[in-house]
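[1] Show me the folded form of this:
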Amino acid sequence: MKKFWLVVTILILSVSFAGCSKSQTPQPGDIKDIVITLERTVCFGACPDYTLIIKGDGTVTYEGRQFVKIEGTRTTTISEEKIRQLLSKFQRVDYFSLNDSYEEFGATDMPSAITSLTINGKTKTVRHYHGDFSAPEQLTELEDRIDEIVNSDQWIK
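    Presented below is the predicted three-dimensional model:
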């Protein structure tokens with residue numbers, strides 16, 4: 001009888017804890033179907049205003065709007081390995097469990113970054129005002145990593 005109650009208790013605890021686990025950023029069915037975006041917005045000063053769209057096939061589209069070295073559209077490619085590095089960073093941040101918005105004004109005159117990840121037909125977008133001090137540091141690191149992997153400095157600075 002003790003063994004029966006032990007099994008029942010373990011099952012109840014397993015079900016209880018399973019409901020408390022974080023939502024995981026999914027693994028791609030096909031890496032070619034992934035789409036990653038990063039948009040950086042202006043501030044009251046001269047913060048760069050541009051968008052990057054990165055597709056799973058390695059195609060990168062840059063659109064520079066204001067306060068960038070190159071305005072307009074440019075395209076380049078990155079390797080599948082770099083796509084996988086970005087996806088790994090999204091997974092380490094557990095991107096799909098982040099809030100949709102970090103837009104409180106703890107400081108003024110800051111730019112925003114808007115990221116999104118489409119994977120297996122599911123899209124998650126996170127709006128991040130850089131004056132919101134509640135945003136996880138890992139989100140800022142993710143935004144910066146996207147720029148770094150794409151080498152967006154070639155168009156911005």
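
[2] which SS class is residue 61?
    Going by DSSP: H, G, I helix; E, B strand; the rest coil, the secondary structure assigned to residue 61 is strand.

[3] Tell me the confidence at it?
    Note on residue 61: pLDDT of 98.

[4] residue contacts, it?
    52, 53, 73, 74, 75 (CB atoms under 8 Å, 6 or more residues apart in numbering). C-beta: built from backbone N, CA, C; applies to glycine.

[5] before we move on, what about residue 106?
    With CB under 8 Å, 6+ apart, residue 106 has these contacts: 131, 132, 133, 134.

[6] do the same with residue 155
    50, 62, 64, 68, 69, 70, 74.

[7] Please pick the buried ones from these.
    Buried subset of these (neighbour count, 16 or more other CB atoms under 10 Å): 50, 62, 64, 68.

[8] Which residue ranges of this structure form strands?
    With strands called from DSSP state E, the chain shows them at 35-40, 49-55, 59-66, 72-77, 101-102, 112-119, 122-129.

[9] outside of the last one, which residues touch it?
    It refers to strand 122-129. Under CB under 8 Å, 6+ apart, the answer for strand 122-129 is 25-26, 35, 95-96, 98-105, 110, 112-117, 135, 139-140, 143.

[10] coming back round to it: which one among the contacts of residue 155 gets closest to residue 86?
    The closest of the contacts of residue 155 to residue 86 turns out to be residue 62 (CB to CB; 15.3 Å).

[11] Confirm for me that residue 82 is in contact with residue 149.
    Yes - judged on CB atoms under 8 Å, residue 82 makes contact with residue 149 at a distance of 5.0 Å.

[12] The two: which is more packed in?
    Counted by other CB atoms under 10 Å, residue 82 and residue 149 do not tie: residue 149 has more neighbours, with 20 against 17.

[13] Any regions of this structure where pLDDT drops low?
    Scanning the chain for pLDDT under 70 picks out 1-23.

[14] can we see that at 50?
    For the chain, applying pLDDT under 50 flags the ranges 3-22.

[15] ok, residue 156 touching residue 66?
    No - contact criterion CB under 8 Å: residue 156 and residue 66 do not qualify, at 11.0 Å.

[16] Between the two, which is the more surrounded one?
    Shown here are residue 156 and residue 66; by other CB under 10 Å, residue 156 has more neighbours (17 against 12).
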